[in-house]
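Visitor: the sequence and its predicted three-dimensional model are supplied below.
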Amino acid sequence: MKAEYKIKLIHKMVLGDTCAVLTFSCPEIAENGHPGQFVNLSCDHFLKRPFGIMSVDREKKTFSIGVRKVGKGTKEILSCNEGAEFTCLGPLGNGFSFEGVKKLLLVGGGTGIFPIYFAAQYAKENSIPCTVVNGYRSKTDAFLYDQFASICDNFHVTTDAGDLGVQGNVMAYLEKMDETELEGSTCMVVGPGIMMKKVSEWALAKGLVCYVSLEQRMACGIGACLVCICKIKAEQEGKEFVHKRCCKDGPVFRAEEVIF
Ligand SMILES: Cc1cc2nc3c(=O)[nH]c(=O)nc-3n(C[C@H](O)[C@H](O)[C@H](O)COP(=O)(O)OP(=O)(O)OC[C@H]3O[C@@H](n4cnc5c(N)ncnc54)[C@H](O)[C@@H]3O)c2cc1C
Ligand code: FES
């Protein structure tokens, strides 16, 4: 289900110098948004910008996204204050499948920690045992630490700087997890491409089902322009790969299908 809505920014939580969590009132996205899906949000520049849904509150009829300042669009969005109005398309894309999932291992990095939060929220609401491993640059960059800790009993962090949690990237923690902890887990990963590649290789070698959420440059966000194509293995079709639209066919794919 997707449509375009006029939405209002009702809360802005600034995170450090470059990020903020923005909460909007929108009953339709609050009701229909699923972890792994995204919204396309207007700004004063050409084309809407895609952001993974970070959480929904079905009672308050709101949804939130986490935004990092990257270029002119995100700069302008982050400069807006409560009361600002936007046009928003969503929820878009295919999110994570929780069918048959008995246990979750969620791995986030960069702005991927925002959509990972939604998956952790879903796990909590559906009583799915869940471990979260987030990789940050440093303690000052460890956004949403308290929020993750409050919804997830098994929350772990790594920092490149080593000033919080395990020193190194997420692999430094994952490689030390024991087999009984991992057994039967479904792994969901959102983060920089190199991180998703490494985690996927590790998870597949351990025999885990693994999903990744790809981030490609996007324009329309609804499958019409082909800006966002990615390579997906297609051995069953007798081809090495086919091109799929990240926005419409993804952004979530099975890790073993993706050519990173
Ligand atoms: C499915 C998906 C989920 C995302 N979730 C988040 C999130 O939760 N939080 C967050 O901070 N960022 C997220 N991003 C990245 C975010 O969309 C870009 O940082 C943003 O579009 C950059 O816009 P800009 O105008 O500031 O940058 P510019 O570089 O000026 O953008 C120029 C154009 O390129 C596009 N573009 C640039 N970088 C990206 C990118 N990485 N992905 C897609 N399009 C891009 C822009 O949409 C714009 O049309 C996500 C991207 C995708 C595809
Ligand atoms: S962004 Fe247009 S087809 Fe995906």
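Guide: Ah, there it is. Ligands and ions are numbered 1, 2, ... in the order given.
Visitor: only C-alpha atoms for contact and neighbour calcs from this point on.
Guide: OK.
Visitor: give me every residue that touches Y122.
Guide: Applying C-alpha atoms under 8 Å, 6 or more residues apart in numbering to Y122 gives the contacts P35.
Visitor: can you tell me if whichever strand or helix holds it touches ligand 1.
Guide: Per DSSP states H and E, Y122 falls inside helix 113-125. Yes - residues of helix 113-125 contacting ligand 1 under C-alpha under 6 Å from any ligand atom: 114-115.
Visitor: what pLDDT does the model give the closest residue to T23 other than its chain neighbours?
Guide: With C-alpha to C-alpha, 6 or more residues apart in numbering as the criterion, T23 has its nearest non-adjacent residue at 4.2 Å, and that residue is S64. Listed pLDDT for S64 reads 98.
Visitor: show me what the helix or strand harbouring S64 is packed against.
Guide: Taking DSSP H and E as the criterion, S64 maps to strand 62-68. Here strand 62-68 touches strand 19-25, helix 27-32, strand 49-57, helix 72-79, going by 3 or more C-alpha pairs under 8 Å, 6 or more residues apart in numbering; DSSP states H and E.
Visitor: okay, how far is it across stretch 208-218, tip to tip?
Guide: With C-alpha to C-alpha, to the nearest Å as the measure, stretch 208-218 spans 30 Å from end to end.
Visitor: pull out the buried residues from that stretch.
Guide: Residues of stretch 208-218 classed as buried: 208-216, 218 (neighbour count, 16 or more other C-alpha atoms under 10 Å).
Visitor: which of those residues sits closest to C26?
Guide: Among these, M218 lies closest to C26 (C-alpha to C-alpha), at 22.8 Å.
Visitor: residue contacts, the closest one?
Guide: 49-50, 227-228, 247.
Visitor: beyond the worst-scoring helix or strand of the chain on mean pLDDT, next helix or strand please.
Guide: Lowest by mean pLDDT, DSSP states H and E among the helices and strands of the chain is helix 179-182, with a mean of 91. Counting by DSSP H and E, the next helix or strand C-terminal to helix 179-182 is strand 186-190.
Visitor: buried stuff in that following strand?
Guide: Residues 186-190 are the ones in strand 186-190 that count as buried (16+ other C-alpha under 10 Å).
Visitor: okay, the residues you listed in CSV with pLDDT and distance to G16 next?
Guide: Formatted as CSV, those follow (pLDDT from 0 to 100; distance: C-alpha to C-alpha, whole Å):
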residue, pLDDT, distance to G16
T186, 97, 32
C187, 98, 29
M188, 98, 26
V189, 98, 24
V190, 98, 21
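Visitor: doesn't L47 make contact with C220?
Guide: Yes - with contact defined as C-alpha atoms under 8 Å, C220 counts as touching L47 (7.3 Å).
Visitor: for L15, grab the count of nearby residues.
Guide: Using other C-alpha atoms under 10 Å, L15 is surrounded by 17 other residues.
Visitor: which parts of the stretch 151-260 of the chain sit against ligand 1?
Guide: Proximity of the stretch 151-260 of the chain to ligand 1 (C-alpha under 6 Å from any ligand atom) is limited to residues 215-219, 251.
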